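[1] The following comprises the amino acid sequence and a computationally predicted model.
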Amino acid sequence: MSFPVSRRAAVVAVSAALGASLAALPVREARAQQLTPIKFVLDWKLQGIHAWYYLAEDRGYFAAEKLAVTIDQGDGSAAAVTKVMAGAYDAGFGDVNAVIQNAAAKPGAAPVMVYMVYNRAPFALIVKAGSPIRTLKDLEGRTLGSPAGGAAQRMFPLMAARNGVDAGKVKWTSMAPNLQEQMLLKDHVEGSAVFSVTSYMNLVAQGVDPDKDIRWFHYGDHGVDLYGNGVLVSRQLLRDKPQAVAGLVRAVNKAVRDTVADPDAAIAALMKREPLLNQALEKRRLLYTLRTVMLTPEVGTGGIGDVNDARMTRAIGQVKEAFELANAPTAGEVFDRRFLPPLAERKIAAP
């Protein structure tokens, strides 16, 4: 049976197209297989302090390292650690002090920090500028606010002991994290234990000048010299795909450097993901974070991403004391610097 020429041509064309499509499948599959998927969880809802991750995505830094990184919002810097530890995520942006606690409880199972972002933990106490609380000693007999089990509250007795304050004479009221500043401003509490990089901009959003209207007691200024949040990875990713860990660190490092050089570009990348954010507020949050907890004198010497081993050992001891841990992990169990780019690539000048 013969077909008309037009029908025969159509059959040939369809067959050729199908053959080409089938031939392309292995190529597409091979390309997909070349990318290592990484599920990454943040410490909180999208804010200016997360901008560099999206800048890395937009500028192709993850793809250049053959990584397919999926970024999800989080619900706490300590929760990010437990989510990675549980296997729900391969990596995340979480609190090294939570890593220390988990490493003490389950040696060999806790995630490992591979790139320190917050060289200084952003724990602080805030009171109104007109408050009679002018020194830490003045906190005795006062009522402070904190989320139940909040890290700043848990570390308070340590700061109190180092400054001659009787922690037993300080009362605490539990509240939701998003109500801390409101409760203080409405005088329901006389002070609050906060995460400074979040609280600072919460105050701005409520029409308060956090530099003039609020008195700050930063833990790092009062004997509690802890590190903060950074990029952490699961033990499995560390063991099975070390090249992916190295690529992730390189990509984040490039994006952090780019963010310092051009904060507007980083905030623009963030706004693409969450257009309802206040762009000016989030840029101010980013700059505040760079200035207060990231670009410290230690970073000026040792570069972004690394830690000082002696200081880390002291910090581990302080966390052990504050949380009454049965044992303390070593600095090497908590932080692994093998994947850091050379110092020249991690040097950052303050903006």
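    The structure has been received and is ready for your questions.

[2] now the strands for this structure?
    Along the chain, the segments classed as strands by DSSP state E run 36-41, 67-72, 91-95, 112-116, 123-128, 143-146, 171-174, 191-195, 214-218, 229-233.

[3] Turn those into TSV, including distance to E321 and mean pLDDT.
    Backbone N, C-alpha and C define where each C-beta goes, glycine included. Output for the strands of the chain, formatted as TSV (distance: least, C-beta to C-beta, whole Å; pLDDT from 0 to 100):
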stretch	distance to E321	mean pLDDT
strand 36-41	29	98
strand 67-72	33	98
strand 91-95	17	97
strand 112-116	20	98
strand 123-128	15	97
strand 143-146	19	97
strand 171-174	19	97
strand 191-195	17	96
strand 214-218	19	98
strand 229-233	21	98
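
[4] residues in contact with stretch 241-260?
    Identification of contacts with stretch 241-260 by C-beta atoms under 8 Å, 6 or more residues apart in numbering yields 36, 38, 51-53, 55-56, 59, 61-62, 64-67, 69, 91, 114-115, 117, 231, 233, 237-238, 265-266, 286, 290, 295, 304-305, 339-341, 345-346, 348-351.

[5] circling back: out of the strands of the chain, flag the one nearest A103.
    Closest approach to A103 among the strands of the chain (C-beta to C-beta): strand 112-116, 8.5 Å.

[6] what about the strands of the chain, which gets the closest to R273?
    The nearest among the strands of the chain, by C-beta to C-beta, is strand 67-72 at 8.5 Å.

[7] Near R120, how many other residues are there?
    If you count neighbours by other C-beta atoms under 10 Å, R120 ends up with 21.

[8] quick one: contacts for the closest residue to it other than its chain neighbours?
    Distances taken as C-beta to C-beta, 6 or more residues apart in numbering put V293 closest to R120, at 4.5 Å, once the chain neighbours are dropped. Going by C-beta under 8 Å, 6+ apart, V293 touches Y118, N119, R120, A121, P122, S196, V197, G228.

[9] I figured the second one was touching P297, is that so?
    Yep, that's N119 we're talking about. No. Between N119 and P297 there is no contact under C-beta atoms under 8 Å: 9.2 Å.

[10] Have a look at those two and say which one is more surrounded.
    Taking other C-beta under 10 Å, N119 and P297 do not tie; N119 has more neighbours (24 against 9).

[11] any idea how far that one is from V96?
    Distance from N119 to V96, counting by C-beta to C-beta, to the nearest Å: 11 Å.

[12] Can you pull the residues that touch both of the two?
    Taking C-beta under 8 Å, 6+ apart as the criterion, N119 and V96 both touch Y227, G228.

[13] Distance check, V165 against P147.
    For V165 relative to P147 (C-beta to C-beta), the value is 21 Å.

[14] Can you lay out the strands of the chain as JSON lines showing distance to A103 and mean neighbour count?
    Formatted as JSON lines, the strands of the chain follow (distance: least, C-beta to C-beta, whole Å; neighbours: other C-beta atoms under 10 Å):
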{"stretch": "strand 36-41", "distance to A103": "19", "mean neighbour count": "20"}
{"stretch": "strand 67-72", "distance to A103": "24", "mean neighbour count": "18"}
{"stretch": "strand 91-95", "distance to A103": "12", "mean neighbour count": "28"}
{"stretch": "strand 112-116", "distance to A103": "8", "mean neighbour count": "25"}
{"stretch": "strand 123-128", "distance to A103": "20", "mean neighbour count": "23"}
{"stretch": "strand 143-146", "distance to A103": "24", "mean neighbour count": "21"}
{"stretch": "strand 171-174", "distance to A103": "27", "mean neighbour count": "13"}
{"stretch": "strand 191-195", "distance to A103": "22", "mean neighbour count": "26"}
{"stretch": "strand 214-218", "distance to A103": "26", "mean neighbour count": "18"}
{"stretch": "strand 229-233", "distance to A103": "11", "mean neighbour count": "27"}
